[in-house]
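# Requesting a structural model of the entry that follows:
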Amino acid sequence: MKDIPPLGTLVDDGVRKLVIIGSGPAGYTAGLYSSRALLDPLMFAGYMSGGQLMLTSEVENFPGYPQGVEGAAMMAHMREQAERFGLEVQDRNVERVDLSERPFGVWVEGEEIRTEAIIVCTGAEAVWLGVEGEDAQKGRGISVCATCDGAFFREEEVIVVGGGDSAMEEATFLTRFASKVTIVHRREGFRASKVMYERAASHPNIEIKTFRQVKRWLSDDNGLTGAIMEDPRDGSIEEISCTGAFIAIGHKPITGFLGNQIETDAEGYIVHSENTMTSVPGVFAAGDVVDKRYRQAITAAGMGCQAAIDAEKWLEDQC
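Model prediction:
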């Protein structure tokens, strides 16, 4: 292993000490800690920087914001704080990487950047229905996170779209706030475990509608008002009223640019081999690209802190 210059300097020939791929709570926290550690990190935040919180109208469960904060505003605060300590941010997408040897290669718009270490914080994107009216109501009534947004629908009627454990869990959680929760599923059978299904099905405030798929979202100037649903068996149409909707048909980790060079699980989430390091020494991962259980801003931020500290220690050990 070749000698690596002291922390806070660039490697010879313009090779970076650390590149962070992705932003959001994990990326910005990793950027903050690695900047304070004088790793001179370069972040590729992506064209849609900020992650899933950019679609969240208000965040009430992140420490330090007693009155709540809009998701986009919180991401701006995190970015500003990290940049104050020297994080260099470029709102560009990483196209591919070469992890076969160090320094690693990172390609952005045809340009190659070489780096001694990488932290991957690209997150996981929710799978949306992609039906008419959906884009306009994202964050204005349609959500993919009941834990994040459920409290905004107190004493209102909401629907949950999905048939797996996540949908059952979201629906059951929403009964703490909503006056009625309707689970909408396109088939009769459910992928959910028996215990999760029975817990939802037996709840007095939950109704389950099978053979229903959303064809169009309805709205007015105040936001979501309902949905047009179709029975896939005969094409018959039904309208349902709701002021909130939660899509729970899965998440997809954003790892395509890695080209199968890092170990992932069966669902595509990155696997940690030690602490926050991946199967490739020198490559770390944090946030929802790893975490398929919690998917919270606070847990992503905590993991971003861990990844930065792990990367700093690993780089020190290479000297």
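
# For the stretch 201-319 of the chain, give me the ranges with low pLDDT.
The stretch 201-319 of the chain contains no residues with pLDDT under 70.

# in it, which spans are strands?
Under the criterion DSSP state E, counting those that start in this stretch, the stretch 201-319 of the chain contains strands at 206-209, 213-220, 223-230, 237-241, 244-247, 251-253, 283-285.

# can I get those strands in JSON lines with distance to residue 259 and mean neighbour count?
Quick note: C-beta positions are derived from backbone N, CA and C, even for glycine. Below are these laid out as JSON lines (distance: least, Cβ to Cβ, whole Å; neighbours: other Cβ atoms under 10 Å):
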{"stretch": "strand 206-209", "distance to residue 259": "41", "mean neighbour count": "17"}
{"stretch": "strand 213-220", "distance to residue 259": "34", "mean neighbour count": "16"}
{"stretch": "strand 223-230", "distance to residue 259": "39", "mean neighbour count": "19"}
{"stretch": "strand 237-241", "distance to residue 259": "43", "mean neighbour count": "13"}
{"stretch": "strand 244-247", "distance to residue 259": "29", "mean neighbour count": "25"}
{"stretch": "strand 251-253", "distance to residue 259": "14", "mean neighbour count": "19"}
{"stretch": "strand 283-285", "distance to residue 259": "13", "mean neighbour count": "29"}
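
# And these: which comes nearest residue 65?
Among these, the nearest to residue 65 by Cβ to Cβ is strand 244-247 (21.9 Å).

# how about that closest one as CSV, C-alpha atoms only?
C-alpha atoms of strand 244-247 as CSV (Å, rounded to 0.1, in the frame of the first residue of the first chain):
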residue,chain,number,x,y,z
GLY,A,244,-54.4,11.8,2.8
ALA,A,245,-52.8,8.8,0.9
PHE,A,246,-49.8,6.7,1.7
ILE,A,247,-48.1,4.7,-0.9
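
# can I assume residue 203 is in contact with residue 173?
No - using Cβ atoms under 8 Å, residue 203 is not in contact with residue 173; the gap is 10.8 Å.

# Can you say which helix or strand has residue 158 in it?
Using DSSP states H and E, the element containing residue 158 is strand 157-161.

# returning to what we had before: so can I have TSV of the strands of the stretch 201-319 of the chain showing distance to residue 42?
Compiled in TSV, the strands of the stretch 201-319 of the chain are given as follows (distance: least, Cβ to Cβ, whole Å):
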stretch	distance to residue 42
strand 206-209	48
strand 213-220	40
strand 223-230	39
strand 237-241	48
strand 244-247	34
strand 251-253	22
strand 283-285	15
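
# In the stretch 1-150 of the chain, mark out all the helices, start to finish.
Using DSSP state H, counting those that start in this stretch, the helices of the stretch 1-150 of the chain run over residues 24-36, 71-84, 134-137, 146-149.

# who does the third one touch, helix- and strand-wise?
Going back to what we said before, that points to helix 134-137. strand 213-220 (3 or more Cβ pairs under 8 Å, 6 or more residues apart in numbering; DSSP states H and E).
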